[in-house]
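Student: Below are the sequence and a predicted model for it; my questions follow.
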Amino acid sequence: MCKIALVKEACYQDLWVCEQSSGLKNLLETSPYRIGPLGLLDIFNCDFFILKTNKSKVAKKLRSSQICHSLSDRDYEKIENKKSELFDLSPRDLAKDPYSINWNNYDIVISINFAIPIQLRKKYDAVVWICLPGEGKFPVRTNSWDYFISHNCPSTPFLRRTIIDMPYTFLSSDFLIKNYGKNSKKNGIYFEVNSFNKIKNHALNKTYPPQEFNKLEMSLRFHDGNIKSHIDNLINTKYFVKFKGRPVRGNSFIEAISSGCICFLSFSDCFGEISFPRYCYYSDIKELLEKITYLEKNDNARLSLINDQKKILDDIVANVNLQFIQAIKRKKCNKTRTANIRERILNKFSYLFYFLLVRVEINSIEKLNFLPPMKE
């Protein structure tokens, strides 16, 4: 298996705030928002570092393009200095100088946003440099990055020219149930946090499920914004339901599958390219309630569906691994002269291509995922 490092900047508002040696459960529980790609550490034995913030203009530009585009320099400083409740440590307390690390120890380095300065990426040119943008938006062209991570689930091991398909929440099929399972009987329904409304700020969600759900005589659970109670809800719940509201990429479904929940969603609820078993989809509330009622009376069918869902995550892990292997081989095979010629040609046409994306409907390309070219 290849040697991988995952890094984030001290100013990155999400993910883990403690030393990796504290263990995966502690890492997860220090995250202020999302579980994230913990499978890289669990499955691939990846090393994790928090690095000092990259204050270059281009690094700031990429950060501002993500969902927290309104954050100021002062806001980022507050993030760097905010201590986790579990260990009373801040990202700044844990941040390492990126120049102090020998990156040649790694075949692949995955950087959340532009955490690694370009000087280091050029110096360690045998490393496969992969950028994982915080919110799935990445430049159509940049220099000295080999790949960007799409945030979508890979349906095949096919490696595109500059994109690796991997979801932001990357977990093994049983990580959460194995580490947090309490041997208690699962019950009830847990609603996906973006259910019921179409607004992006789900904290403003004051809508409740229709009365029809009461016919099931089950406990109904809701996300309260706390990651520990979120995991507790997943572990104790039988059915994870996305009901109306805005479409999501699918990270919460990956968490639910890893927790042993049955997922239910409508046909247009998930755009992250997860291939759910057909039974997980419903057309209306009547069909949804009928499916849950059937599984309540047929536990073997429920357990079989759980196994089918787990195979989906197993396939995602296998396909990501194969993409990594291809990326390493491709990097070794690239000839410097050819790469330099290609770099010059692509730099000339990248702006033209981006504006073509903006102005022309190209069905094979998701225009909303792309940002203008960035030159460091």
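Tutor: It's in.
Student: quick one: residue 296 and residue 188, what's the gap?
Tutor: 11 Å (Cβ to Cβ, to the nearest Å). Glycine gets a C-beta too; all of them are placed from N, C-alpha and C.
Student: Any idea which helix or strand in the protein has the lowest mean pLDDT?
Tutor: helix 336-359 (a mean of 56; mean pLDDT, DSSP states H and E).
Student: buried stuff in stretch 169-185?
Tutor: 169-177, 179-180 (16 or more other Cβ atoms under 10 Å).
Student: low-scoring stretches of the stretch 251-376 of the chain, by residue?
Tutor: 335-368 (pLDDT under 70).
Student: Tell me the one of the buried residues of stretch 169-185 nearest residue 313?
Tutor: residue 173 (4.0 Å; Cβ to Cβ).
Student: Quick check: the closest one touching residue 306?
Tutor: No - applying Cβ atoms under 8 Å as the test, residue 173 and residue 306 come out as separate, 9.5 Å apart.
Student: any common contacting residues for the two?
Tutor: Shared contacts of residue 173 and residue 306, defined by Cβ atoms under 8 Å, 6 or more residues apart in numbering, are absent.
Student: Nearest residue to residue 168 in space, please, no chain neighbours.
Tutor: Leaving out its chain neighbours, the residue that sits closest to residue 168 by Cβ to Cβ, 6 or more residues apart in numbering is residue 151, at 5.1 Å.
Student: pretty sure that neighbour is touching residue 250, no?
Tutor: No - counting by Cβ under 8 Å, residue 151 stays clear of residue 250, with 9.1 Å between them.
Student: Any figure for the gap between residue 47 and residue 191?
Tutor: Residue 47 is 36 Å from residue 191, by Cβ to Cβ.
Student: So the two - more neighbours on which side?
Tutor: residue 191 (23 against 17; other Cβ atoms under 10 Å).
Student: Checking the closest residue in space to residue 117 that isn't next to it in sequence next. Helix, strand or coil?
Tutor: Using Cβ to Cβ, 6+ apart and skipping residues adjacent in sequence, the residue nearest residue 117 is residue 54, 5.8 Å away. Three-state assignment for residue 54 (DSSP: H, G, I helix; E, B strand; the rest coil): coil.
Student: Tell me which stretches of the protein form strands.
Tutor: 4-9, 47-51, 108-112, 128-132, 138-139, 147-149, 163-164, 189-191, 220-222, 239-241, 262-264, 370-371 (DSSP state E).
Student: Out of those strands, flag the one nearest residue 314.
Tutor: It is, among these and with distance given as Cβ to Cβ, strand 262-264, at 15.6 Å.
Student: Give me the sheet partners of that closest one and which way each runs.
Tutor: Taking DSSP bridges as the criterion, strand 262-264 forms sheet pairs with strand 239-241 (parallel).
Student: Check the offset of the strand it pairs with from the chain's centre.
Tutor: 20 Å (Cα atoms, centre = their mean, to the nearest Å).
Student: Buried ones in it, by neighbour count?
Tutor: 239-241.
Student: Name the nearest residue to residue 26, sequence neighbours excluded.
Tutor: residue 18 (5.6 Å).
Student: Let me see the contact set for the one you found.
Tutor: Residue 18 neighbours (Cβ under 8 Å, 6+ apart): 26-27, 30, 84, 86-87, 89, 94.
Student: any chance of the strands of the chain in CSV, plus distance to residue 36?
Tutor: Listed next are the strands of the chain as CSV, based on distance: least, Cβ to Cβ, whole Å:
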stretch, distance to residue 36
strand 4-9, 9
strand 47-51, 10
strand 108-112, 9
strand 128-132, 9
strand 138-139, 17
strand 147-149, 12
strand 163-164, 16
strand 189-191, 20
strand 220-222, 22
strand 239-241, 19
strand 262-264, 19
strand 370-371, 22
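Student: so how far is residue 254 from the closest residue to residue 40 other than its chain neighbours?
Tutor: Excluding the flanking residues, the one nearest residue 40 by Cβ to Cβ, 6+ apart is residue 46, at 4.1 Å. Counting by Cβ to Cβ, the gap from residue 46 to residue 254 is 17 Å.
Student: still on that earlier bit, just the contacts of residue 18 now: which is nearest residue 108?
Tutor: residue 27 (19.5 Å).
Student: Save the buried residues of stretch 169-185 as JSON lines, and put in distance to residue 370 and pLDDT too.
Tutor: JSON lines is the format used below for the buried residues of stretch 169-185 (distance: Cβ to Cβ, whole Å; pLDDT from 0 to 100):
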{"residue": "169", "distance to residue 370": "22", "pLDDT": "97"}
{"residue": "170", "distance to residue 370": "22", "pLDDT": "98"}
{"residue": "171", "distance to residue 370": "27", "pLDDT": "98"}
{"residue": "172", "distance to residue 370": "31", "pLDDT": "98"}
{"residue": "173", "distance to residue 370": "32", "pLDDT": "98"}
{"residue": "174", "distance to residue 370": "35", "pLDDT": "96"}
{"residue": "175", "distance to residue 370": "32", "pLDDT": "97"}
{"residue": "176", "distance to residue 370": "33", "pLDDT": "97"}
{"residue": "177", "distance to residue 370": "37", "pLDDT": "97"}
{"residue": "179", "distance to residue 370": "37", "pLDDT": "95"}
{"residue": "180", "distance to residue 370": "37", "pLDDT": "95"}
